[in-house]
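Enquirer: sharing a model that was predicted from the sequence below.
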Amino acid sequence: MENSRIAADGLVLLGCGKMGSAMLEGWLARGLPAASVWVKDPFPSDWLKSTGVHINENLPTAPAIVLVAVKPQMMAEALPTLKLMGNGKTLFVSVAAGTPISFFQETLGQETPVVRAMPNTPAAISQGITAIVGNDHAGAEGLDEAELLLSAVGEVVRLSEEAQIDAVTGVSGSGPAYVFHMIETLAAAGEAEGLPADMALQLARATVAGAGALAMVADEGPAQLRVNVTSPNGTTQAALEVLMDEDNGFPSLMRRAVAAATNRSKELARG
């Protein structure tokens, strides 16, 4: 990983569950020395113990970055232990849902550089996408450092303001669950039409995965890809007349689903 400041001053990972482990695995694969990483986690996994990183040892006094990956409900207990690192050059990067930048500033000091990030679960296989936004003290350099770290598990986009993170939660943060449910329901529909259950699930999984992969690499946008599959008066058109119905199909359903997730994200941030 091309960042001499991280290698020299160290990186602290606060919490190493599924998301933290996925990121750590990506960093080590990209060449970050294990000796430059300190992990604080009450229940370190066997995999974590095998990596060679420092586990639950005394932390460096001023690491380059602290990546906060604890569950939101543990934040109030865990973060104050790092207060001495605030108001300095240490960049705090948080992947904790529902915890605003203001909480970090209030806990660690108003001049603490903070970047808030919203990743999603495909990060576990380095196929995620993460949105980031920073405070003024993080600046462009802090966003660059955060993007370098988070790109180890997928794509990174930058938001213009923190308020957008609730909509990101509704689209990409919660979005994998929408796709998983689509696989469920597509398989169930195939079974209802007479297919064996295991075959219907295999067809549904492969169809969604393949369509997603094609959408990622194709020059055309999703609307044109849809048109490419749709013959006039054919089978796909018959299905799309149901799915594209403005009142009862995907347009209305997806708007309501994303709005519900976005609004819940706002509620959680307010506490």
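Expert: Okay, I see it.
Enquirer: okay, now D136: neighbour count?
Expert: Using other Cβ atoms under 10 Å as the criterion, D136 is surrounded by 9 other residues. Quick note: C-beta positions are derived from backbone N, CA and C, even for glycine.
Enquirer: three-state assignment of it?
Expert: Using DSSP: H, G, I helix; E, B strand; the rest coil as the criterion, the local structure at D136 reads coil.
Enquirer: show the pLDDT at the residue nearest the centre of the chain.
Expert: The residue at the geometric middle of the chain, judged as the C-alpha nearest the mean C-alpha position with Cα atoms, centre = their mean, is P119 (1.1 Å). Per-residue confidence for P119 comes out at a pLDDT of 93.
Enquirer: ok, now how distant is it from V70?
Expert: Distance of P119 to V70, given as Cβ to Cβ, to the nearest Å: 14 Å.
Enquirer: can you give me the distance of A62 to D247?
Expert: As judged by Cβ to Cβ, A62 and D247 stand 58 Å apart.
Enquirer: tell me which of those two has more neighbours.
Expert: Set A62 next to D247 and count neighbours by other Cβ under 10 Å: A62 wins out with 12 against 7.
Enquirer: tell me the pLDDT at that one?
Expert: What the model reports as pLDDT for A62 is 93.
Enquirer: please apply the same query to A76.
Expert: The per-residue pLDDT reported for A76 equals 84.
Enquirer: how close does it sit to V70?
Expert: Between A76 and V70 the distance, using Cβ to Cβ, works out to 10 Å.
Enquirer: domain boundaries for the chain, per the record?
Expert: Annotated domains of the chain cover 4-166, 175-270 [automatic domain parsing].
Enquirer: any idea how far the last one is from the middle of the chain?
Expert: Looking back up the chat, that one is domain 175-270. The chain centroid and the centroid of domain 175-270 are separated by 21 Å, computed with Cα atoms, centre = their mean, to the nearest Å.
Enquirer: if I look at V179, how far off is L214?
Expert: Distance of V179 to L214, computed by Cβ to Cβ: 15 Å.
Enquirer: I'd assumed E155 was in a strand, is it?
Expert: Yes: according to three-state DSSP, the state of E155 is that of a strand.
Enquirer: about what we covered before: got a list of what the residue nearest to the centre of the chain touches?
Expert: When contacts are counted by Cβ atoms under 8 Å, 6 or more residues apart in numbering, P119 is found next to 19, 95, 128-130, 150, 153-154, 173.
Enquirer: so of those, which ones are in strands?
Expert: Judged by DSSP state E, the contacts of P119 include 128-130, 154 as members of strands.
Enquirer: so which of those residues is the closest to K83?
Expert: Compare each of the ones in strands among the contacts of P119 with K83 using Cβ to Cβ and the shortest gap goes to T130, at 26.2 Å.
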